[in-house]
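Colleague: whatever this is, show me its structure:
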Amino acid sequence: MLDPSRNAVPVSSQPLPAAAVPPERAATPELAAASAFDQPAPRFRLDRTVGRHVPVRFVLFSAVGVLGMGLHLTVLRVAMAALGFSVAQGVATLVAMTNNFLMNNAFTYRDRRLRGRKMLRGLFSFWLVCGCGAIANVAAASFVFRQQGAWWVSGIAGAVVSAAWNYGVSSVVTWPGRRMEPAV
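Modeller: The predicted structure follows:
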């Protein structure tokens, strides 16, 4: 038997009623530059296809992570010319973490989007939470680099080590959702 709650559309993917957008903001540049992910249809399609098997938020977090890995490897390759591998890996990790925070704040956690001072505190929180993952990232990547020598394999290995930690802890600490009451 199908569980109707599994097929429900998340509140965040339902369109806002017209009255929810004040008229003075209806034609602002922020709204004109809104992302496709701010529209209900793509999120709805993801929810209906993969959302039955994997949380949509995890899919979005992973997509941001893949883009972050590309940025990470690009920065790593460029930074290695001036720095040693371990320092370049650290720099690339910090750049990728900052980029991933901004993208996750805009897309993955848009229903919990941080703004203003909360965004700055969220960035620091994300850095702290992911700092443990970053240390493991650099250690694992440096180990693989010493053993294997390919910078890109080493960079990917380090990024993979920190990925699970980053998702699990940041979703609780940086973008906490509404707390559910315990079942009685």
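Colleague: just for the protein, where's the confidence low?
Modeller: In the predicted model, the chain carries pLDDT under 70 at residues 1-53, 178-184.
Colleague: hey, where'd the helices end up in the protein?
Modeller: 29-32, 40-49, 56-79, 85-103, 116-148, 151-173 (DSSP state H).
Colleague: and the ones you listed as CSV, adding distance to residue 109 and mean neighbour count?
Modeller: For every residue, glycine as well, the C-beta is placed using N, CA and C. Listed next are the helices of the chain as CSV, based on distance: least, CB to CB, whole Å; neighbours: other CB atoms under 10 Å:
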stretch, distance to residue 109, mean neighbour count
helix 29-32, 18, 8
helix 40-49, 12, 16
helix 56-79, 7, 18
helix 85-103, 10, 20
helix 116-148, 9, 17
helix 151-173, 8, 19
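Colleague: in a markdown table, list those helices along with distance to residue 110.
Modeller: Formatted as a markdown table, the helices of the chain follow (distance: least, CB to CB, whole Å):
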| stretch | distance to residue 110 |
| --- | --- |
| helix 29-32 | 13 |
| helix 40-49 | 9 |
| helix 56-79 | 9 |
| helix 85-103 | 11 |
| helix 116-148 | 13 |
| helix 151-173 | 14 |
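Colleague: residue contacts, the closest residue to residue 140 other than its chain neighbours?
Modeller: Nearest residue to residue 140, sequence neighbours excluded (CB to CB, 6 or more residues apart in numbering): residue 161, at 4.4 Å. Each residue near residue 161 by CB atoms under 8 Å, 6 or more residues apart in numbering is listed here: 133, 136-137, 140-141.
Colleague: what is the nearest of those residues to residue 78?
Modeller: Residue 78 has its nearest neighbour among the contacts of residue 161 in residue 141, at 16.1 Å by CB to CB.
Colleague: and that closest one, how far from residue 89?
Modeller: According to CB to CB, to the nearest Å, residue 141 and residue 89 sit 5 Å apart.
Colleague: between those two, which contacts overlap?
Modeller: The contact lists of residue 141 and residue 89 share 154-155, 158, where a contact means CB under 8 Å, 6+ apart.
Colleague: of all those residues, which comes closest to residue 117?
Modeller: Of those, the one sitting nearest to residue 117 (CB to CB) turns out to be residue 158, at 31.6 Å.
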